[in-house]
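Visitor: Sequence and predicted structure are below.
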Amino acid sequence: MSVDLKAIARKRALAQRGAVHTRDRCHTGVASQLLATFLVPHYGKVIAGYMPIKSEIDPLPAMRVLSEHGPIAVPIVEVKAAPLRFDLWTPNTEMIPGAFGASVPKRSVPVVPDVLIVPLVAFNRAGHRLGYGGGFYDRTLAKLRAERDILAVGFAYSGQEMADFPTSRYDVPLNAIVTENEVFTL
């Protein structure tokens with residue numbers, strides 16, 4: 001019987017993120033401001049955020065600011081083990097329940113993003129992220145990067161940093177990570 005080291009790391013990281021979210025959620029505004037400022041050079045491009053679930057840091061304040069300067073999208077899970085699709089979103093978009101607890105636009109207007117704001121369970125300084133294990137963002141980034149230049153920005157609490165989680169050849173690294181304390185690029 002083999003040991004799934006990623007599953008063990010994910011369990012530990014989720015517990016850590018939950019504790020950090022409880023303690024640091026008051027810093028979400030600072031993190032959102034850093035994120036929106038970092039993305040100023042990308043005004044006018046399609047920027048995909050996400051609808052937060054569980055203890056994920058909330059990107060909605062940044063998405064609201066960014067929506068004043070260009071199109072914003074949110075991910076849609078269409079099929080397990082497949083890349084994500086993206087629909088246009090505005091602060092006034094009517095949302096309905098979607099897969100995995102994330103809200104999705106009631107009316108679908110598909111777009112292809114130029115920038116992805118990526119949720120994560122944990123991250124390291126090499127730009128790798130540990131997700132929930134479905135591979136949606138890795139597949140999405142691999143597909144989009146095969147077609148065009150994509151900026152992938154992880155968004156997290158600084159307390160989600162973990163130096164010691166396993167990675168595989170299928171894990172697609174991020175270009176930058178934004179926390180409430182810093183923005184670092186890779």
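Guide: Structure's in. What do you need? Numbering: from 1, shown residues only.

Visitor: that's a helix at residue 62, yeah?
Guide: Yes. Under DSSP: H, G, I helix; E, B strand; the rest coil, residue 62 sits within a helix.

Visitor: For residue 178, see how far away it is.
Guide: 9 Å (C-beta to C-beta, to the nearest Å). (C-beta placed from N, C-alpha, C; glycine too.)

Visitor: Residue 88: which element?
Guide: strand 85-89 (DSSP states H and E).

Visitor: next structured bit after that strand?
Guide: Remark: after strand 85-89, the chain's next helix or strand is strand 95-97, criterion DSSP H and E.

Visitor: counting contacts, what elements does that next one pack onto?
Guide: strand 103-105 (3 or more C-beta pairs under 8 Å, 6 or more residues apart in numbering; DSSP states H and E).

Visitor: Would you list the strands that the next helix or strand after the strand it packs on pairs with, along with their directions?
Guide: As assigned by DSSP H and E, the chain's next helix or strand after strand 103-105 is strand 110-111. Here strand 110-111 has these sheet partners by DSSP bridges: strand 85-89 (antiparallel).

Visitor: The strand holding residue 88: how far from the chain's middle?
Guide: 14 Å (C-alpha atoms, centre = their mean, to the nearest Å).

Visitor: what pLDDT, on average, does that strand get?
Guide: Across strand 85-89, the average pLDDT comes to 98.

Visitor: which residues are contacting that strand?
Guide: For strand 85-89, contacts defined as C-beta atoms under 8 Å, 6 or more residues apart in numbering pick out 46, 48-49, 63, 67, 71-76, 78, 104-105, 108-113.

Visitor: Could you pick out the buried ones from those?
Guide: Those of these that meet the buried threshold are 46, 48-49, 63, 67, 71-76, 104-105, 113, by 16 or more other C-beta atoms under 10 Å.

Visitor: Mutual contacts of residue 62 and residue 178, please.
Guide: 35, 155.

Visitor: give me phi/psi at the residue nearest the centre of the chain?
Guide: With distances taken as C-alpha atoms, centre = their mean, residue 118 lies nearest the centre of the chain, 1.6 Å away. The phi and psi values for residue 118, taken as degrees, to the nearest 10, are phi -110, psi 130.

Visitor: ok now do it, which residues does it touch?
Guide: 50, 129, 137, 152-155, 174.

Visitor: ok, so of the buried ones among the contacts of strand 85-89, who is nearest residue 19?
Guide: residue 49 (24.2 Å; C-beta to C-beta).
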